[in-house]
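>>> got a sequence here, can you model it:
(one chain, ligands or ions: 1)
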Amino acid sequence: MSPEGPASAVAHAIEAAETVFIAAHENPDGDAVGSLLALRSMLLRLGKEVHAATPTAPPERFAFLESVEAITTEAPAESADLAIALDCDGAGRLAGLKNAVLASPTVVDIDHHRRESAFGDIQYVVPGAAATAVLVAEVARALDLQLTSAEAMALYTALIADTGGFRFSNTSPEALRLGADLVEVGADPETASRELFSVRPLSAAHLEGRALSSLQPVNSQILISTLSLADFEATGALQEATDGIIDSFRYVTGVRIAALLKESDPDVWQVSLRGNGVDVASVASSFGGGGHTYAAGCTIEGPLAVVRSRLTEALEHALMEAPDA
Ligand SMILES: [Mn+2]
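Here you go, the predicted structure:
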């Protein structure tokens, strides 16, 4: 690692490369897409040949971001000089792109998730950072690049995605200062918040209605909502329409753990967890998932009743371990 710190080490690796493959995690969220687009634009301005990809395509909601259509789901035909993975808590999150990323002569891991081990030759992993976007902004600084308004918009979108619009506990002075800097160089906060958090099809509103009517308390502190494939079929909503639904019941009075189970394939349940002062990352990782202390996720397979009871047991255990509210 260079003595100036990991952002400079990343900058040097970028300067030394001609071709760069940048990738973010599957089911890319705002931080993944925004960080990827900003870094892509920065690299293009430096004259690099850039290939930007996510293992699964960015959701339609990100269409307002410039050049989002340039993100492919394919690995580059030829190995790039440098590969940079963004916002991945482990190389496994690169799914189908993992081998192509790891095949590059130099691999950089830029991320802010809490996890066991980093990967790659250069690790710029700061679990305390509010978003990967914060680290990408540091790389811009290390490269001496002034951000364009499109880059600022992409990073601002990433920042509000991971801080819930500057509402979550990761809303640090650093995150707020970066937000201000990004608005100063052209990010549009109203458009970013509206497109990211509010605009949605009617089918998504109907799906949220089903999620809320299915709310079942396990006890006074654990609340579980379930959306089956039948719910998606009946409403016509897409899988990604569940974004944000869990936050609409997370703060029901007295609740310390909220869980949303959504069926992505028959008997395959994508579990989102939110803890109010309760570590849910450990629950997610016990099922092979991961995430942040108070916002994590995992996949559990099996019939709903079995999945629910396994999850409930783990959640009750996490609650027992947690400090009193
Ligand atoms: Mn992130």
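>>> contact partners for whichever residue of the stretch 1-150 of the chain sits closest to the ion?
Evaluated by C-beta to the ion, the stretch 1-150 of the chain has Asp31 as its residue closest to the ion, separated by 3.3 Å. From N, CA and C alone the C-beta is placed, and that goes for glycine too. Taking C-beta atoms under 8 Å, 6 or more residues apart in numbering as the contact definition, Asp31 lies against Asp87, Ala131, Thr132, Ala133, Ala158, Leu159, Ala161, Asp162.
>>> please repeat the previous calculation with a cut-off of 7 Å.
Asp87, Ala131, Thr132, Ala133, Ala158, Ala161, Asp162 (C-beta atoms under 7 Å, 6 or more residues apart in numbering).
>>> dihedrals phi and psi, it?
Phi and psi for Asp31, reported as degrees, to the nearest 10, are phi -70, psi -40.
>>> state the pLDDT value of it.
What the model reports as pLDDT for Asp31 is 98.
>>> re the thing from before, among the contacts of Asp31, which are in reach of the ion?
Contacts with the ion within the contacts of Asp31, as defined by C-beta under 5 Å from the ion: Asp87, Ala131, Thr132, Asp162.
>>> going through the residues you listed, which ones are buried?
Applying 16 or more other C-beta atoms under 10 Å to the ones next to the ion among the contacts of Asp31, the neighbour count classes Asp87, Ala131, Thr132, Asp162 as buried.
>>> in JSON lines: the residues you listed, plus pLDDT.
Below are those laid out as JSON lines (pLDDT from 0 to 100):
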{"residue": "Asp87", "pLDDT": "97"}
{"residue": "Ala131", "pLDDT": "98"}
{"residue": "Thr132", "pLDDT": "98"}
{"residue": "Asp162", "pLDDT": "95"}
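>>> hang on, the earlier thing: any chance of the ones next to the ion among the contacts of Asp31 in CSV with secondary structure as columns?
As requested, the ones next to the ion among the contacts of Asp31 are arranged in CSV below (DSSP: H, G, I helix; E, B strand; the rest coil):
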residue, secondary structure
Asp87, coil
Ala131, coil
Thr132, helix
Asp162, helix
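>>> identify the residues contacting Ala318.
Taking C-beta under 7 Å, 6+ apart as the test, what Ala318 contacts is Ile257, Val278, Asp279, Val280, Ser282, Val283.
>>> out of the buried ones among the ones next to the ion among the contacts of Asp31, who's nearest Leu182?
Taking C-beta to C-beta as the measure, Leu182 sits nearest to Ala131 out of those, at 11.5 Å.
>>> just to revisit the earlier point, out of the contacts of Ala318, the closest to the ion would be?
Nearest to the ion among the contacts of Ala318 is Val280, at 16.4 Å by C-beta to the ion.
>>> low pLDDT regions in this structure?
Within the chain, the stretches falling below the threshold (pLDDT under 70) are 1-3.
>>> can I see the domain layout of it?
For the chain, whose domains are defined here by automatic domain parsing, the residue ranges read 6-197, 202-321.
>>> number of residues surrounding the closest residue to the ion within the stretch 201-325 of the chain?
Using C-beta to the ion, His292 is the residue of the stretch 201-325 of the chain that sits closest to the ion, at 8.6 Å. Other residues within reach of His292 by the criterion other C-beta atoms under 10 Å amount to 22.
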